[in-house]
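In: Quick one, what's the 3D model for this:
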Amino acid sequence: MSVLILCAGLVSSFSVARAADPAAGKALFQQNCASCHNVHKKLTGPALVGVEDRWADKKLLHSWIRNSAAVLKTGDKYANDLFNQYNKLPMTAFPALTDANIDDILAYISAEGAKPVGGDKGAAGATAGADGKEEGGNSLLFGIITLILAIVAIILMQINSNLNKLAAEKEGHEQLEPVPFYKNKAYIALCIVLLFVVGGYFTIQGAIGLGRQQDYMPEQPIFYSHKVHAGINQINCLYCHSSAEKSKHAMIPSENVCMNCHKAITEYTGPDLFTAEGKKVNGTAEIQKLYDHIGWDKEAQRYTKPATPIEWTKIHSLPDHVYFNHSQHVNAGKVQCQTCHGEIQNMDEVKQFADLSMGWCVNCHRTTKVQFADNNYYSIFEKLHNDMKNGKVDSVTVEMVGGTECQKCHY
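Out: Down below sits the predicted model:
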């Protein structure tokens with residue numbers, strides 16, 4: 001019996017002597033506290049640096065974290081003053097947190113509080129300006145070269161005519177006065193044909209490109225960097241564009257989606273931001289533009305004035321007679337966003353990456369493979385299934401299941 005008592009005493013003394021673990025506290029803080037609290041600044045709740053010093057009794061602080069409503073009922077003055085200061089918003093109860101869990105969280109807060117605000121922004125900043133864009137084609141260059149060669153050919157023909165004339169005169173042959181080139185019917189006919197070909201080419205190219213806007217990069221009302229959000233912070237595209245896998249349209253996210261993060265993130269501390277022209281952007285001021293649009297007061301932590309819509313400028317547009325369904329490509333086709341939108345995770349300002357022409361879409365359908373094997377959706381294509389089983393084809397592309405038929409995209 002005495003041995004059991006001794007063991008119990010040793011276990012008890014070990015528990016008391018247990019050191020709080022800031023690493024475990026960080027995980028608990030991120031899971032339970034981070035949506036309303038920040039160590040260094042006020043969010044929905046107060047800044048937590050020095051929280052242990054503000055409570056006279058650590059045991060009461062534990063009770064407050066576990067169930068603030070119960071502490072308020074005791075009439076504790078500091079607890080009630082805190083409740084009233086933050087707009088009488090009750091704190092979520094965490095009955096599952098043990099004293100050891102809370103000590104870990106407090107140790108993490110203490111460790112973070114000792115660090116300087118802001119921290120290292122990284123050794124390498126973002127480079128100013130944008131990379132030079134690759135030319136989409138050489139058609140214009142070929143046209144200019146053709147025109148130069150045509151002019152050179154005309155000059156050489158004229159020189160040849162003059163040399164023949166001089167040679168004939170030297171030999172004593174009588175030569176008729178040559179017809180000036182601008183009156184020469186052959187030259188006139190050649191020029192007309194040349195102008196007709198060149199003019200027709202540019203007319204056709206202009207008609208084909210009508211309404212297309214590859215590389216279009218309009219200035220937006222708020223400088224929103226996909227490089228920061230999707231690249232550095234690894235936010236999934238579908239978090240903001242949630243309907244891309246469910247409906248025809250990808251959807252511009254509403255402001256409340258932005259505020260899921262920006263209630264807590266009130267200032268920008270990442271790499272320097274630059275416009276395409278190389279002008280430096282104040283990231284914190286751009287976050288404030290969001291607050292101004294939705295009427296959010298970051299100090300009071302509440303909406304204080306009516307909201308006004310953010311007038312984003314649409315970049316990617318298809319003709320009205322073209323049917324395109326995002327969910328069909330994202331969900332069924334498993335097409336990555338970058339296939340059509342380029343390396344969006346590296347863009348500070350979004351531009352239209354592809355020309356979105358019919359030829360571009362058709363070429364994609366001719367090369368993109370579909371999930372055909374063991375897929376009941378394609379059970380009607382019995383011949384293709386048999387061809388795969390017999391080894392006649394190793395894969396099935398979108399084109400093979402009707403992806404290049406006119407009515408698939410034009411209805």
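
In: Give me the below-cutoff pLDDT ranges for the protein.
Out: The model of the chain has pLDDT under 70 over residues 1-18, 35, 87-89, 117-139, 174-178, 181.

In: which residue of it sits farthest from its center?
Out: Most distant residue from the mean C-alpha position of the chain: residue 172, 80.7 Å away (CA atoms, centre = their mean).

In: where does it land in three-state SS?
Out: Classification of residue 172 using DSSP: H, G, I helix; E, B strand; the rest coil returns coil.

In: any idea how far it lies from residue 399?
Out: 73 Å (CB to CB, to the nearest Å). All C-beta spots, glycine's among them, are computed from the backbone N, C-alpha and C.

In: cool, and residue 353?
Out: Residue 353 is 23 Å from residue 399, by CB to CB.

In: do residue 72 as well
Out: For residue 72, the distance to residue 399 - CB to CB - is 67 Å.

In: For the stretch 1-150 of the chain, which segments count as helices?
Out: All helices of the stretch 1-150 of the chain, identified by DSSP state H, counting those that start in this stretch, fall at 2-16, 22-32, 51-54, 58-66, 68-73, 77-85, 99-113, 139-170.

In: ditto for the stretch 301-411 of the chain
Out: Using DSSP H, counting those that start in this stretch, helices in the stretch 301-411 of the chain cover 326-327, 337-341, 358-367, 382-389, 406-409.

In: For residue 40, find the nearest of those.
Out: The closest of those to residue 40 is helix 337-341. By CB to CB, the value is 34.6 Å.

In: Mind exporting the C-alpha coordinates of the closest one to PDB?
Out: Extracted in PDB, the C-alpha atoms of helix 337-341 (Å, rounded to 0.1, in the frame of the first residue of the first chain):
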ATOM      1  CA  CYS A 337      -6.800  26.400 -63.500                       C
ATOM      2  CA  GLN A 338      -3.300  27.100 -65.000                       C
ATOM      3  CA  THR A 339      -4.200  25.300 -68.200                       C
ATOM      4  CA  CYS A 340      -6.400  28.200 -69.300                       C
ATOM      5  CA  HIS A 341      -5.400  31.000 -67.000                       C
END
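
In: Could you pull up phi and psi at the closest residue to residue 310 other than its chain neighbours?
Out: Leaving aside its chain neighbours, residue 310 sits nearest to residue 293 (5.1 Å; criterion: CB to CB, 6 or more residues apart in numbering). The phi/psi pair for residue 293 (degrees, to the nearest 10) reads phi -70, psi -40.

In: that older thread, out of the helices of the stretch 301-411 of the chain, the one nearest residue 208 is which?
Out: For residue 208, the closest of the helices of the stretch 301-411 of the chain is helix 358-367, at 9.1 Å, according to CB to CB.

In: neighbouring contacts of stretch 358-373?
Out: For stretch 358-373, contacts defined as CB atoms under 8 Å, 6 or more residues apart in numbering pick out 333-335, 339, 354, 378, 381, 384-385, 388, 395-399, 401, 403-404, 409.

In: got the buried residues for that stretch?
Out: By neighbour count on 16 or more other CB atoms under 10 Å, the buried set for stretch 358-373 is 361, 364, 365, 368, 370, 372.

In: and what of stretch 204-222?
Out: Applying a neighbour-count criterion of 16+ other CB under 10 Å, one finds 212, 217, 222 buried in stretch 204-222.

In: chain center to it: distance?
Out: Relative to its parent chain, stretch 204-222 has a centroid offset of 19 Å by CA atoms, centre = their mean, to the nearest Å.

In: Next: stretch 249-260.
Out: How far stretch 249-260 lies from its chain's middle: 13 Å, per CA atoms, centre = their mean.

In: List the contacts of the closest residue to residue 44 other than its chain neighbours.
Out: Excluding its sequence neighbours, the residue lying closest to residue 44 (CB to CB, 6+ apart) is residue 36, at 4.0 Å. For residue 36, the contact set (CB under 8 Å, 6+ apart) comprises 43, 44, 45, 91, 92.

In: The same query, at a cut-off of 6 Å, please.
Out: Counting by CB atoms under 6 Å, 6 or more residues apart in numbering, residue 36 touches 43, 44, 45.

In: now swap in residue 71 and tell me
Out: If you count contacts by CB under 6 Å, 6+ apart, residue 71 has them with 63, 64, 79.

In: Nearest spatial neighbour of residue 28, chain-adjacent residues omitted?
Out: Nearest residue to residue 28, sequence neighbours excluded (CB to CB, 6+ apart): residue 105, at 5.2 Å.
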